[in-house]
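1. need coordinates for the below:
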Amino acid sequence: MKAPDVELIVVDDEEAAAKRVAGLLAEAARAGDELVLTGGTTPGRAYELAADLERDWSGAGVWWGDERCVPPDDERSNFGLARRTLFDKLEAPPGRVHRIRGEDDPAVAAATYERELTGTTLDLLLLGLGPDGHVASLFPNAPGLSETERLVIPAEPKLEPFVERVTLTPPALRGARRIVFLVTGEGKAAAVAGALAGPPDPEVPGSLIRAESGETLAILDKKAASRLRD
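-> Predicted coordinates for the structure are as follows:
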């Protein structure tokens, strides 16, 4: 299947989608790449499978596309998800872990993370897609969608959990060598159609995110892809 500027891979179900992403993550870890992780149940399963495929992540760097402003041991933390499903299962954890400090003031956490990120080339950036079309913590029509200079900003939540966020901006996301959307479930089908096959639209933030100097890939299950046309 084809979509503007996106390679689409459609698989049978959520488990198959997680397996495809796990393979990409394991390959990137072996290569010592800089990886950007996301939150959610399907990525969590992909992290578990990636830990089985590659036990040594010592050469890799790990970042996050966004974070909820909660401590790292909070169940809502994206870092906490990765620690439980990936890091704790590895023989050798990532050599470079760049955590967004969700426990800090959002503006301070964003500024600190931007300083850490500046000058880094992100090799593989994993993104989910919300039912409203949001990516990272860039929600429909959010002011951050028009950001052109900053790499990291605070963001207000528009969906649960209603806690403040810190997120990468469109310039930071688009700068990745490879962007991989992982989306499953019938509840995401409309968002997938808008984000991957529709025109660029701030109402659907996912439609604005494509790799500027690399490739953009979407791994979908059949339910998520059900409103796309061949």
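2. what are the boundaries of the strands in this structure?
-> Taking DSSP state E, the strands of the chain run over residues 2-3, 6-11, 34-37, 61-64, 66-68, 96-97, 124-127, 152-155, 165-168, 178-183, 215-221.
3. tabulate these in a markdown table, adding columns for distance to residue 51.
-> Yep, even glycine has a C-beta here, placed from its N, CA and C like the rest. Listed next are those as a markdown table, based on distance: least, CB to CB, whole Å:
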| stretch | distance to residue 51 |
| --- | --- |
| strand 2-3 | 31 |
| strand 6-11 | 20 |
| strand 34-37 | 13 |
| strand 61-64 | 13 |
| strand 66-68 | 21 |
| strand 96-97 | 15 |
| strand 124-127 | 15 |
| strand 152-155 | 27 |
| strand 165-168 | 24 |
| strand 178-183 | 16 |
| strand 215-221 | 18 |
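4. among the ones you listed, show the one with the smallest mean pLDDT.
-> Out of the strands of the chain, the stretch the model trusts least by mean pLDDT is strand 2-3, with a mean of 56.
5. next, the buried residues of stretch 30-44.
-> 33-40, 42-44 (16 or more other CB atoms under 10 Å).
6. now the helix ranked longest in the chain against strand 178-183, angle please.
-> Among the elements of type helix in the chain, defined by DSSP state H, the one spanning the most residues is helix 14-30. Here the directions of helix 14-30 and strand 178-183 differ by 160 degrees (axes from the mean of the first three to the mean of the last three CA atoms, to 10 degrees).
7. now for helix 14-30, which elements pack on it?
-> Secondary structure elements in contact with helix 14-30, counted by 3 or more CB pairs under 8 Å, 6 or more residues apart in numbering; DSSP states H and E, are strand 6-11, strand 34-37, helix 41-53, strand 124-127, strand 178-183, strand 215-221.
8. including distance to residue 154, could these go into CSV?
-> Putting the helices and strands packed on helix 14-30 into CSV (distance: least, CB to CB, whole Å) gives the following:
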stretch, distance to residue 154
strand 6-11, 29
strand 34-37, 18
helix 41-53, 23
strand 124-127, 19
strand 178-183, 23
strand 215-221, 26
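9. deepest-packed of the ones you listed, please.
-> With neighbours taken as mean count of other CB atoms under 10 Å, the helices and strands packed on helix 14-30 reach their highest mean count in strand 124-127, at a mean of 26.
10. gap between that strand and the chain center?
-> Distance of strand 124-127 from the chain centroid (CA atoms, centre = their mean, to the nearest Å) equals 5 Å.
11. pull the CA atoms of stretch 127-135 into PDB?
-> What follows is stretch 127-135, C-alpha atoms only, in PDB (Å, rounded to 0.1, in the frame of the first residue of the first chain):
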ATOM      1  CA  LEU A 127       5.800   7.200  17.200                       C
ATOM      2  CA  GLY A 128       2.300   6.100  18.100                       C
ATOM      3  CA  LEU A 129      -0.800   7.900  16.900                       C
ATOM      4  CA  GLY A 130      -3.600   8.900  19.100                       C
ATOM      5  CA  PRO A 131      -7.300   8.500  18.100                       C
ATOM      6  CA  ASP A 132      -7.300  12.300  17.600                       C
ATOM      7  CA  GLY A 133      -4.300  12.100  15.400                       C
ATOM      8  CA  HIS A 134      -1.800  13.400  17.900                       C
ATOM      9  CA  VAL A 135       1.900  12.300  18.000                       C
END
